[in-house]
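> Fold the following for me, if possible:
(chains A, B, C and D)
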Protein chains: 2
Amino acid sequence: MARMIDVAREAGVSAATVSRVLNGKPVRQDLAEAVHRVVQELGYSPDRTARSLRRRHSAVLALILPDIENPFFTAVARGVEDIAEQAGYSVVICNSDDLPDKESRYIQVAELENMAGLIIAPTNSEPSIDRLIAKGRPVVMIDRTVKQNVDQVTFDNVDLGFRATQALIERGCRRIACVTGPVSASTARDRATGWRAAIADAGLDAPPDYLTHQSFRVEGAHQVIAQLLDLAAPPDAVVAANNLSGVGVLKAITERGIENDFCVSVIGDLPFVTTLLPKVTNVPLNPRGLGVIAARMVLERLTGLDLPPRLVVLRETASSPTRAL
Amino acid sequence: MARMIDVAREAGVSAATVSRVLNGKPVRQDLAEAVHRVVQELGYSPDRTARSLRRRHSAVLALILPDIENPFFTAVARGVEDIAEQAGYSVVICNSDDLPDKESRYIQVAELENMAGLIIAPTNSEPSIDRLIAKGRPVVMIDRTVKQNVDQVTFDNVDLGFRATQALIERGCRRIACVTGPVSASTARDRATGWRAAIADAGLDAPPDYLTHQSFRVEGAHQVIAQLLDLAAPPDAVVAANNLSGVGVLKAITERGIENDFCVSVIGDLPFVTTLLPKVTNVPLNPRGLGVIAARMVLERLTGLDLPPRLVVLRETASSPTRAL
DNA sequence: TGACTTTGAGAAATCGGTTTCTGTAGCATC
DNA sequence: GATGCTACAGAAACCGATTTCTCAAAGTCA
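Numbering: from 1, shown residues only, chains lettered A, B, ... in the order given. As a prediction, the model looks like this:
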C-alpha cells in the first residue's frame, strides 16, 4: 500500500505538498499536476485512520435506531445514506433495541471512534449526548423529540394522531381505542394526545382502558388487542400509532375473524402488505424524507454552520395520498 | 479528554506501561493497580483511532447487504451484531442495493477505514475482495456463494428449492412455476435447480416460461406473476424463491382475487404477515443463525485461526416448523 | 563472588497523515 | 538599492496510541 511519502518522493515534492494538493489547498500548478499524475499511477488513496487521528474526526456518520427490523427505520437509513454518500461520508447503522443502556454504549462508540456526526432516534427524552455535544460534534434527533436543546426533526405527531382518529370518526366509528408505543417515546405520547383531541372534538368519549401503551412492535399490539376486545364494552375501531402496531392489530383481528367488521387506522405505512382489507386505512409517512433532512442538517453543521439548534416539524399535508376506506 | 500520557503521569509510570496494563501484558502488580485506579478516576478510555492507526486495523466489522429493507437481511444483521458486540466489535451495515459498483465502493471503504473484517452477501460471483484478502483481513461470504476460495456460509439452496416445490406437489399441484431472483445470485440459481429437480422427480413437466428471474424484491415478483397468469397454459402454483418474491406473488394473486385457488410456496419467512392464507406454505429459514455463524468465523480468523477457507452449509432439517397447507 | 540470563519498565520509534513553523524567492514600495 | 510583504514549499511537530529497543535490577549458576 502506497503511502503519502511514496507519492511525495516519486513526484519530487514533500509530503506536505501532496497533502495540500489532495486537500485543495493552493499549490504551484506544475507541482500539483505532478502529484496528481503520481497519485494516479500508484493508485494512491490516503489512509483514513491516519487522517482521522490528525483531524480529530472521521468521515463516518453514526445512525442509531431503536429497531433496525422496522421498515420505517430502514427507510430512514436509506435517506441518510443517500445524502451522506453524496458528501463522501459513510454511515454506520446501530441498533439500540429501544434500550437506553445499549443506546448509551453506541453513543460512546460514536464518540470514541471519533465519528463526524450522530443522527439518533432516541429511546427516551434525555439521551446521553452531552460529551458528544461538548466535543462539538453535530447531533440530530429524529422522529422522537428530547428535552435537550439540539437539532431535531420530527413529524407533527399530535396532528398525525388527530387525523388517524378523524378518519375513523368519519367512517362512523364511535368507540375508538388507541394502541400506542412506550411512554418514553414522544411519538407515542403525542399521537395519543392527537387521538384524545379528535375524540373530544367529535364529542365522543373513551374510557381510560382504551389507551394502551405498548412496545411499538408487532407482539405488543397483538397481545393488547386481545385485552381490548375482551372488555365489557369493547371498541369498534382502533388507532395503531405506528406501522408495526398496525401489523399486530391486523394480525389479531384476522385471527379472530373480525377483519371485516373492525376498523383500523394506522399511522405510517403497513410494510409488505399482501392483502387489502377494506376496513383498514392509514396515514402515510415519509421516513426517507426524515433521514434526508437529518443528514443534510448534520452535513450543514460539519461545514461550519453556526446557528442555534433548530426544530424541524414535517407536516404531511392533507393532500397526501391516503388509502381510502 | 484524558490521554494515555495523562494517565501515565498521574500514576507515576510511562505511557508504555499504561498501554501494557490496558492490553493485559505482564506488569508489576502495584503499578498495574495504580494505573487501573487512575484510569477509573479520569474515566479514561483509549482513543480508537490512534489505536487503529498503530494496530493497522480497527474494532469495526463491515457488513455489506444487498437490501437493508429486506427483513431477511436485517435479521442477519442482528445475528452478526449480537456476536460482534460480545467480542467488543461494532458493526457497520452498508447497502449495496445489489449493485456491483456500490458494493465495490463499500468494500473499498472497509479497506480504507481499516475495518477488522468483512461479512458480505455478494451481488455476484466475483466480488472485488482481492485487496482485502491480500491484506490478511478476514472475509466471510454469506447467503450467496462465490468462486473465490474464501470462508462461506450458506443454506442448502438446492434442497430448499426442492422442498418448497415438493410441498406443492404433495398438495396436488401439477403446473408449478418458479419465481426466483437475479441470475447473478447463486441462491436464485440453486433454488431454481431444486425446483427443477423436484418437478422432474415427480414426473411432472414445466415449460421454459415457468422459470422467471426477477430482482428478489416485491415489485419484480409482482409484475412477473401477471405474465405467468396470462400464459396460454398458466401455472396452478408458484414457488417464490425468497421472502419478498413471496410478498409480491401474494400481492398479485390477492389483487386478482384468486388467493383461495392458487398455491404458493415461499422459501423463507413472510415478513409481517397479517392474514393467514390457507393455500400458502413456506420453508422457514434462520437468517439470524447465518449472521451468528458468519460473525463467529470472522472473529476466529481475527484471533489467529489459520485454516484453509471453509464452506458451511446450513441444512434446515425436515423437522423445522413449517406452516401447514 | 563474578559472569550470564531473565524480567520488566522507560525511552524512543512508529503508524500515516495534517498543520504549524520556517525560510527563501519574488515583487512592490520608497 | 534597501526594506517590507506576500506566496509558497519543505522541515518538523503533532495526533494518541502500540511496540521495539535499551538498559538497569534481580535472579541463576558455576
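
> Now residue A:259: phi and psi?
phi -60, psi -20 (degrees, to the nearest 10).

> what's residue A:50 in contact with, if anything?
residue B:53 (C-beta atoms under 8 Å, 6 or more residues apart in numbering or on different chains). For glycine as for every other residue, the C-beta is placed from the backbone atoms N, C-alpha and C.

> helix, strand or coil for it?
Of the three states, residue A:50 takes helix under DSSP: H, G, I helix; E, B strand; the rest coil.

> Same question for residue A:159.
helix.

> so what's residue A:118 up against?
Per C-beta under 8 Å, 6+ apart, neighbours of residue A:118: A:61-64, A:107, A:110, A:129, A:132, A:137-140, A:298.

> Doesn't it belong to a strand?
Yes. Assigned with three-state DSSP, residue A:118 falls within a strand.

> Look up how far chain B lies from it.
To chain B, residue A:118 is 14 Å away according to C-beta to the nearest C-beta, to the nearest Å.

> ok, that residue to residue A:51 distance?
Distance of residue A:118 to residue A:51, given as C-beta to C-beta, to the nearest Å: 20 Å.

> what are the ranges of the strands in the stretch 101-250 of chain A?
Listed in chain order, the strands of the stretch 101-250 of chain A (DSSP state E, counting those that start in this stretch) span A:117-120, A:139-142, A:151-155, A:176-180, A:211-213, A:237-240.

> Centre of the chain to the fourth one, how far?
Strand A:176-180 has its C-alpha centroid displaced from the chain centroid by 23 Å (C-alpha atoms, centre = their mean, to the nearest Å).

> Output it as CSV, restricted to C-alpha atoms.
Listed next in CSV are the C-alpha coordinates belonging to strand A:176-180 (Å, rounded to 0.1, in the frame of the first residue of the first chain):
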residue,chain,number,x,y,z
ILE,A,176,-62.2,4.2,19.3
ALA,A,177,-59.3,2.7,21.2
CYS,A,178,-55.6,3.7,20.8
VAL,A,179,-52.7,1.3,20.7
THR,A,180,-49.6,3.4,21.0
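
> Show me chain A divided up by domain.
A:4-46, A:56-155+A:287-314, A:157-283 (automatic domain parsing).

> Nearest to DNA strand D, out of those?
Closest of those to DNA strand D is domain A:4-46, at 2.7 Å (criterion: C-beta to the nearest atom of the strand).

> State the mean pLDDT of the closest one.
Averaged across domain A:4-46, the pLDDT comes to 92.

> How far does that domain stretch from one end to the other?
End-to-end distance for domain A:4-46: 7 Å, by C-alpha to C-alpha, to the nearest Å.

> Any part of that domain near chain B?
Yes. Domain A:4-46 reaches chain B (C-beta under 8 Å from any C-beta of the partner chain) through residue A:45.

> At the contact with DNA strand D, which residues of the stretch 51-200 of chain A appear?
A:53, A:54, A:56 (C-beta under 7 Å from any atom of the strand).

> quick one: which of these has the most company?
Greatest neighbour count in these, by other C-beta atoms under 10 Å in any protein chain shown, goes to residue A:53: 20 neighbours.

> And stretch A:248-267, how far out from the chain middle?
27 Å.

> same deal with stretch A:149-162?
12 Å.

> go on, stretch A:29-45?
Using C-alpha atoms, centre = their mean, the distance from the centre of stretch A:29-45 to the centre of the chain it belongs to is 41 Å.

> which of the residues in it are buried?
Buried residues in stretch A:29-45, counted by 16 or more other C-beta atoms under 10 Å in any protein chain shown: A:31, A:32, A:34, A:35, A:38, A:39, A:44.

> Throw the strands of the stretch 101-250 of chain A into TSV and include mean pLDDT, thanks.
Formatted as TSV, these follow (pLDDT from 0 to 100):
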stretch	mean pLDDT
strand A:117-120	96
strand A:139-142	97
strand A:151-155	97
strand A:176-180	97
strand A:211-213	97
strand A:237-240	97
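
> which of these sits most buried?
strand A:237-240 (a mean of 30; mean count of other C-beta atoms under 10 Å in any protein chain shown).

> other SSEs contacting that strand?
Judged by 3 or more C-beta pairs under 8 Å, 6 or more residues apart in numbering or on different chains; DSSP states H and E, the packing partners of strand A:237-240 are helix A:157-170, strand A:176-180, helix A:218-229, helix A:243-255, strand A:263-267.

> again, 6 Å this time
Here strand A:237-240 touches helix A:157-170, strand A:176-180, helix A:243-255, strand A:263-267, going by 3 or more C-beta pairs under 6 Å, 6 or more residues apart in numbering or on different chains; DSSP states H and E.

> of all those, which lies closest to residue B:171?
Closest to residue B:171 of those, according to C-beta to C-beta: helix A:243-255, at 22.2 Å.

> what ranges do the helices span in chain A?
Under the criterion DSSP state H, chain A contains helices at A:4-11, A:15-22, A:29-42, A:48-55, A:71-86, A:100-112, A:130-134, A:157-170, A:186-201, A:218-229, A:243-255, A:287-302.

> Deepest-packed of those helices, please.
Across the helices of chain A, averaging neighbours per residue (mean count of other C-beta under 10 Å) puts helix A:243-255 on top, at a mean of 25.

> what ranges of the stretch 201-325 of chain A fall below the confidence cut-off?
Applying pLDDT under 70 to the stretch 201-325 of chain A flags the ranges A:316-325.

> Quick one: the buried residues of stretch A:29-45 as CSV, columns for distance to residue A:169 too.
Formatted as CSV, those follow (distance: C-beta to C-beta, whole Å):
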residue, distance to residue A:169
A:31, 73
A:32, 68
A:34, 73
A:35, 69
A:38, 71
A:39, 66
A:44, 65
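
> Wait, residue A:191 touches residue A:241, no?
Yes. Residue A:191 is within contact range of residue A:241, at 4.4 Å (criterion: C-beta atoms under 6 Å).

> Quick check: neighbours shared by the two?
A:180, A:267 (C-beta atoms under 6 Å, 6 or more residues apart in numbering or on different chains).

> my guess is residue A:152 meets residue A:311, correct?
Yes. With contact defined as C-beta under 6 Å, residue A:152 reaches residue A:311; the gap is 4.8 Å.

> thinking again about what came up before, how about the helices of chain A, which one is nearest residue B:25?
Set against residue B:25 and scored by C-beta to C-beta, these come closest in helix A:100-112, at 21.4 Å.

> what about the closest one, average pLDDT?
Computed over helix A:100-112, the average pLDDT equals 87.

> now the angle between helix B:71-86 and that helix, please.
80 degrees (axes from the mean of the first three to the mean of the last three C-alpha atoms, to 10 degrees).

> how far is helix A:100-112 from where the chain is centred?
Distance, centroid of helix A:100-112 to centroid of chain: 17 Å (C-alpha atoms, centre = their mean).

> same check, this time on stretch A:297-312
Stretch A:297-312 sits 17 Å away from the centroid of its parent chain (C-alpha atoms, centre = their mean).

> cool, and stretch A:9-25?
On C-alpha atoms, centre = their mean, the centre of stretch A:9-25 falls 40 Å from that of its chain.

> Quickly check: it near DNA strand D or not.
Yes. With C-beta under 7 Å from any atom of the strand as the criterion, DNA strand D is reached by stretch A:9-25 at A:12, A:13, A:14, A:15, A:16, A:17, A:20.

> Could you export those as a markdown table, including distance to residue A:98?
Converted to a markdown table, the residues of stretch A:9-25 next to DNA strand D look like this (distance: C-beta to C-beta, whole Å):
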| residue | distance to residue A:98 |
| --- | --- |
| A:12 | 58 |
| A:13 | 53 |
| A:14 | 52 |
| A:15 | 48 |
| A:16 | 48 |
| A:17 | 51 |
| A:20 | 47 |
